[in-house]
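Chemist: Give me the fold of what follows.
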Amino acid sequence: MTGVPASAAGGSPAGAAGKASAVGSSKAGGSKAGGAKAGGSTASDAETGVQGGAKSPRGGKIAAAAVNQASVWNIANLLTMLRLVLVPAFVALMLADGGYDPAWRSLAWAAFAIAMITDLFDGHLARTYDLVTDFGKIADPIADKAIMGAALICLSALDDLPWWVTIVILGRELGITLLRFIVIRYGVIPASRGGKLKTLTQGVAVGMYILALTGWLATLRWWVMAAAVILTVLTGLDYVRQAIVLRRQGIAERKAALEETEA
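Modeler: You can find the predicted model right below:
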């Protein structure tokens, strides 16, 4: 610090006075003027720094928002979007030429199979690589139910599958979704292994009904669908049980917290 004039360090009056006593009043005046200039430059720099600091958080928020927007276009969400696009394509293929042409039914099965495969991968990719987004949370279950619902309704409309099967499966799916929203204030009902097995069995059974199978394969698909319906009902009842337990626990915890606060 020995080579820095006091005036340059901040234009301090004390420093200027010390300098004046050492070199004379005339030079002291010049030094003060220089100090004033230096002080003015320092104030300007400081003001610039403050302004820059004020802009920095705002710029950071804009950058963060841009990143969040870009993150929607990740591989997991793209697979979900693909599944949504496949729904109308599947319906068109399923009902083409009256809905009973084996070739069109095979193409419809291919679209359904792709949709079910993407359903297996998009959630896994989102969780593994931290690609979970609000869009994915909403669009993924919609895409799942849309492709399955479209397949069941088409099959029942073509008299390949009894309507009661479609009603049981879709009623269970919509009912459990509604139940999740009702008890979400108390907690989240986790997906069970039975639920995953149900989804797999439903996919295999519906896929077998989409294909124009005959003989023993047509008989086998009936048994696979029966297993899917049973799993659908059993897992649905298990979710209801979990929802009741979760609600009771949530009410008990709130009551205990209220009593502790009052005490």
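Chemist: mind listing the helices for this protein?
Modeler: Using DSSP state H, the helices of the chain run over 6-10, 13-23, 25-71, 75-95, 102-128, 134-157, 163-182, 193-210, 216-262.
Chemist: now those helices in JSON lines, with mean pLDDT and mean neighbour count?
Modeler: Where C-beta positions appear, they are placed from N, C-alpha and C, glycine not excepted. Compiled in JSON lines, the helices of the chain are given as follows (pLDDT from 0 to 100; neighbours: other C-beta atoms under 10 Å):
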{"stretch": "helix 6-10", "mean pLDDT": "41", "mean neighbour count": "17"}
{"stretch": "helix 13-23", "mean pLDDT": "40", "mean neighbour count": "14"}
{"stretch": "helix 25-71", "mean pLDDT": "43", "mean neighbour count": "12"}
{"stretch": "helix 75-95", "mean pLDDT": "92", "mean neighbour count": "19"}
{"stretch": "helix 102-128", "mean pLDDT": "87", "mean neighbour count": "18"}
{"stretch": "helix 134-157", "mean pLDDT": "88", "mean neighbour count": "18"}
{"stretch": "helix 163-182", "mean pLDDT": "92", "mean neighbour count": "15"}
{"stretch": "helix 193-210", "mean pLDDT": "91", "mean neighbour count": "19"}
{"stretch": "helix 216-262", "mean pLDDT": "92", "mean neighbour count": "14"}
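Chemist: Give me the residues contacting stretch 191-209.
Modeler: Contact partners of stretch 191-209, identified using C-beta atoms under 8 Å, 6 or more residues apart in numbering, comprise 109, 112-113, 116, 119, 144, 148, 151-152, 155, 160-161, 169, 217, 220-221, 224-225, 227-228, 231-232, 234-235, 238-239.
Chemist: May I have the phi/psi pair for the residue nearest the centre of the chain?
Modeler: The geometric centre of the chain, computed from its C-alpha atoms, lies nearest to Thr133 (C-alpha atoms, centre = their mean), at 2.4 Å. Dihedral pair for Thr133: phi -130, psi 160, per degrees, to the nearest 10.
Chemist: quick one: the nearest residue to it once chain neighbours are set aside and Leu178, what's the gap?
Modeler: Across the structure, with C-beta to C-beta, 6 or more residues apart in numbering as the measure, the residue nearest Thr133 apart from its sequence neighbours is Val72 (5.6 Å). Here the criterion is C-beta to C-beta, to the nearest Å. By it, Val72 lies 26 Å from Leu178.
Chemist: still on that earlier bit, how many other residues sit next to the residue nearest to Thr133?
Modeler: Val72 sits with 15 neighbouring residues when counted by other C-beta atoms under 10 Å.
Chemist: Report the separation between it and Ala96.
Modeler: Relative to Ala96, Val72 is positioned 33 Å away (criterion: C-beta to C-beta).
Chemist: Same question for Asp144.
Modeler: In this structure, Asp144 and Ala96 are 24 Å apart, going by C-beta to C-beta.
Chemist: With Val132 instead?
Modeler: Between Val132 and Ala96 the computed distance is 37 Å (C-beta to C-beta).
Chemist: Check Ala191 too.
Modeler: If you measure Ala191 against Ala96 using C-beta to C-beta, the figure is 35 Å.
Chemist: Check Ile167 too.
Modeler: Plainly put, Ile167 is 25 Å away from Ala96 if you go by C-beta to C-beta.
Chemist: Good, we can wrap up now.
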